[in-house]
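In: Quick one, structure for this:
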Amino acid sequence: MSAPAISALPSSGGICPAAGSVAVLRLQLGPVRLRVPVRVVRVVEEPGRRGFAYGTLPGHPERGEESFVVELADDGTVFFHLRAFSRPARWFTRLGGPVSRKGQAMIAERYLKTVWQAAQAADAATAR
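Out: Predicted coordinates:
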């Protein structure tokens, strides 16, 4: 199974998410295309920590939340925290059981790969 295609269409504008912002993510698994609506439920703006969390909205195949937080430690180490919890919200995700969980794992891997690539690009830009 190849990684699903994911794209986001922010409906509130702006680059940084704001609490209450709504987006409709698009998920494609082979010929199946899903619209997955989410709302930003929390924004983290603390010294050394930035991020946000979103919750699913009606129509999303799962019911739950995901949070994405980047933390800069005192020694300069950067951490990326990805936390998620969910349960099936639609008939096909309940029926899909282990396949649905595999899809979620693939999406989490894609998030981590994207963050890793962004960190590598930032390192390269800093080295110049």
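In: In this structure Gln104 contacts Arg87, no?
Out: No - with contact defined as CB atoms under 8 Å, Gln104 does not reach Arg87; the gap is 11.1 Å. In short, each C-beta sits where N, CA and C put it, glycine included.
In: Compare the two (neighbour count), which wins?
Out: More crowded of Gln104 and Arg87, by other CB atoms under 10 Å: Gln104, with 17 against 9.
In: what are the ranges of the helices in the protein?
Out: Using DSSP state H, the helices found in the chain span residues 91-96, 98-127.
In: in this structure, which spans are strands?
Out: Using DSSP state E, the strands of the chain run over 5-10, 22-29, 32-46, 49-56, 62-72, 78-88.
In: Same list, those strands, but as CSV with mean pLDDT and distance to Ala124 please.
Out: As requested, these are exported to CSV (pLDDT from 0 to 100; distance: least, CB to CB, whole Å):
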stretch, mean pLDDT, distance to Ala124
strand 5-10, 40, 24
strand 22-29, 86, 28
strand 32-46, 91, 26
strand 49-56, 93, 21
strand 62-72, 93, 18
strand 78-88, 91, 15
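In: Quick one: closest of those to Val99.
Out: strand 22-29 (9.4 Å; CB to CB).
In: Give me the sheet partners of the closest one and which way each runs.
Out: Its sheet considered, strand 22-29 pairs with strand 5-10 (antiparallel), strand 32-46 (antiparallel) by DSSP bridges.
In: Among those strands, show me which one is buried the most.
Out: strand 32-46 (a mean of 14; mean count of other CB atoms under 10 Å).
In: angle of that strand against strand 78-88?
Out: Counting by axes from the mean of the first three to the mean of the last three CA atoms, to 10 degrees, strand 32-46 lies at 130 degrees to strand 78-88.
In: if we can go back for a sec, need the overlap of contacts for Gln104 and Arg87.
Out: Taking CB atoms under 8 Å, 6 or more residues apart in numbering as the contact rule, Gln104 and Arg87 both touch Glu62.
In: circling back: now the strands of the chain in CSV, with distance to Ala119?
Out: Formatted as CSV, the strands of the chain follow (distance: least, CB to CB, whole Å):
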stretch, distance to Ala119
strand 5-10, 19
strand 22-29, 23
strand 32-46, 18
strand 49-56, 14
strand 62-72, 9
strand 78-88, 7
